[in-house]
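# Sharing a model prediction with you, sequence too.
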Amino acid sequence: YSLVGIIIKQWYQRRVRGSEDGSLLAYTISVSGSDWKTIKFMRTDTKEELPDVLNDVKFTCMSWTHDNKGIFYNKYPKAATADLGTETNSNVHQKLYYHKLGTSQSEDILVLELPDEPHWMPRCEVTDCGKILLVYISKGCEPVNKLWVHELPNMGLPNQFNFTKVIDNFNADYDYIANKDNVIYLMSNSNAPRYKLTSVNLDLLDQPQAAWKDIIPEKTSVLEWTACVRHDLLVVCYMEDCVNKLYIHRLHTGDLIQSIHIPPGSVVGYSGRSKDDFVYFKFMSFINPGVIYHIDVKNKEDNFTAEVFEETPIKGFKSDDYVTKQVFFNSKDGTRVPMFVTHSKDVVLDGNNPTLMYGYGGFNIPLTPCYSCSRMIFCKYLKGVYCMVNLRGGGEYGNDWHHAGSLANKQNVFDDFVSAGEELCRLKYTCPAKLAIEGGSNGGLLVAACANQRPDLFSTVICHVGVLDMYRFQKFTIGHAWMTEFGDPDKPDEFAWLQKYSPLHNIPQTGSYPSTLLLTGDHDDRVVPLHSLKFIATLQHQLGDKCNCPLLIRVDTKSGHGAGKPTAKRLLETADCYAFLAAQVGAVWSC
């Protein structure tokens, strides 16, 4: 691969930010898939790249001051090696800086540092009006943060930063939605595990009961996101049994105006700002590759509709040839757990279908319906069944669902996944000899732990960049942030949780084991490759001569945890995975 092929401009999510007047763009570049980034700048009219370059950037925010003169961003101390992504040193002492365009990075203004708390991470956001800086401070991956604010005079920088601490504890999550002068609207899980919309008046902080007001109270569904448009309306997205529903509310009162009709599936992206009189959002499902909708809210008070703006056609694909079902089953402890099952309509439920079961189950991250070309190829040409399981530990049903699958409760996630496999066999979708499981990162931990605990249930395991050494994960790069999810191995009571399921340390000594393919990248500085390398070495040492199945690892070079991987590399990796899968479950290509 050429250097061009392994240096990725990441034009997605928080990796690109336009200035308030739209004339400038800040974007990040990643080399070899590392989490380390370089921030660069461009003029949008001429595409001229500016000379400003910001290095030593990782897990950064990017927020412009509304005078268009510069951005806030995060920086770590310089890495221990020039080959970024190969180091394993713990990432600590992240700081918040402001860079003024046209100056050297060495002149950047230090906005906030937390020297007594090396694991805390500050990120920031400028309000829609440009007059207030919001700083969120987190200490791990649990959805909780502190909230500090500072006035930005003339939409620029103050002479010095002395923050007002609106929230100075880690009891709940607070995320900015909109503001009207000094009234800030926030999405929060404070006493609301499924989230609510609340507001705080910064002028009344000395009177907490008067300062805080719930605008949209918590409901039985999970409030996933909300966007303010036209300064007075909210587009609100809920997750109801793992599919999204959209509603329109009034900002200042929270009153519901109406629902917006969309098919069952997921809203995977949206665009709408407080000053806009429109919203665009993208819908997707397992059998719908994507539709962009447009909602016009200009000069309207009700009867809002989502109009199709653009559809994503795929040559030769007809969604009517496939079916997706949501199946609920009981886990080991009786908890009702959902999963989605997708296959072509001509599949016969005879217990003999090649089946791929996918899960994640962690970090409060929900899995919702989404389209995948490779999985639809599996369904179409390998006559496969694809199943996605909504495990505890995820965010499908709010914080309580997450906490039921984290820390001391992590075993529930594995039990859910095993129960899903048993249910697929009971319903005659498949059988153990045809059942493969796949997961990545925390999902890699999932499939490896399940292979150890129930090797008889699965024929094949595909484990991407898995967290597999639960005794030492916290010692490398950003692993310390995961202790809020897994526990602290240096604490005896929490080590006892990890000891029971750590994949590296619970590989069976004898007996059968599923065919296994591990995948990692030599520049993965999120879940460092040593997890996969130690696991495959131990697996081959203990079982290589005892079980008649392949135990393999695929190490990609110039590659990281996955984000920004070039299309060519993705195609090669996907082809290898499905070739391995087909060979192990006996799937035959059929046009």
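All right, it came through fine.

# all helices for the stretch 101-250 of the chain, in order.
Secondary structure of the stretch 101-250 of the chain, counting by DSSP state H, counting those that start in this stretch: helices at 208-211.

# any weak-confidence spans in the protein?
Within the chain, the stretches with pLDDT under 70 are 1-14.

# what residue lies at the spatial centre of it?
residue 365 (6.0 Å; Cα atoms, centre = their mean).

# and that one, backbone torsions?
According to degrees, to the nearest 10, the main-chain angles of residue 365 amount to phi -90, psi 120.

# So that it lines up with my notes, have the first residue be 55 from now on.
Okay, using 55 as the starting number, the last item reads as residue 419.

# List the residues that contact it.
Contacts for residue 419 (Cβ atoms under 8 Å, 6 or more residues apart in numbering) come out as 448, 449. Bear in mind the C-beta positions are built from the backbone N, C-alpha and C, glycine included.

# again, but for the one 5 residues further on
With Cβ under 8 Å, 6+ apart as the criterion, the residues that contact residue 424 are 320, 322, 338, 339, 340.

# Okay, residue 383 and residue 509: tell me how far apart.
When distance is defined by Cβ to Cβ, to the nearest Å, residue 383 is 21 Å away from residue 509.

# out of the two, which sits in the more crowded spot?
In terms of neighbours (other Cβ atoms under 10 Å), residue 509 is the more surrounded of residue 383 and residue 509; the figures are 21 against 18.

# And the more buried one, how close does it get to residue 289?
Per Cβ to Cβ, residue 509 is found 47 Å from residue 289.

# just residue 537 next, same as before
From residue 537 to residue 289 the distance is 36 Å (Cβ to Cβ).

# Serialize the contacts of residue 424 to TSV and add fields for distance to residue 355, neighbour count and secondary structure.
Shown next, in TSV, are those (distance: Cβ to Cβ, whole Å; neighbours: other Cβ atoms under 10 Å; DSSP: H, G, I helix; E, B strand; the rest coil):
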residue	distance to residue 355	neighbour count	secondary structure
320	29	24	strand
322	29	16	strand
338	30	21	strand
339	31	22	strand
340	36	25	coil
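
# out of these, which one sits closest to residue 550?
Using Cβ to Cβ, residue 320 comes nearest to residue 550 of these, at 37.8 Å.

# so what's the closest one closest to, chain neighbours aside?
residue 422 (4.0 Å; Cβ to Cβ, 6 or more residues apart in numbering).

# can I assume that neighbour is in contact with residue 296?
Yes. Distance between residue 422 and residue 296: 5.6 Å, which falls inside the contact criterion (Cβ atoms under 8 Å).

# Overlap in contacts, the two.
residue 450.

# gap between residue 483 and residue 444?
Using Cβ to Cβ, we find residue 483 at a distance of 17 Å from residue 444.

# now do residue 515
Taking Cβ to Cβ, one finds residue 515 at 20 Å from residue 444.

# same check, this time on residue 557
Remark: distance between residue 557 and residue 444 (Cβ to Cβ) = 22 Å.

# Assign a three-state SS to residue 520, would you?
Here residue 520 is recorded as coil under DSSP: H, G, I helix; E, B strand; the rest coil.

# Let me see the contact set for it.
So residue 520 contacts 493-495, 497-499, 501-502, 557, 572, 581, 585-586, 589 (Cβ under 8 Å, 6+ apart).

# Phi and psi next, for it.
Torsion angles, degrees, to the nearest 10, at residue 520: phi -80, psi 150.

# What sits closest to it if chain neighbours are left out?
Using Cβ to Cβ, 6+ apart, the nearest residue to residue 520 is residue 498, at 2.2 Å.

# what's the answer for residue 331, then?
Counting by Cβ to Cβ, 6+ apart, residue 352 is the residue found nearest to residue 331 once chain neighbours are left out, at 3.9 Å.
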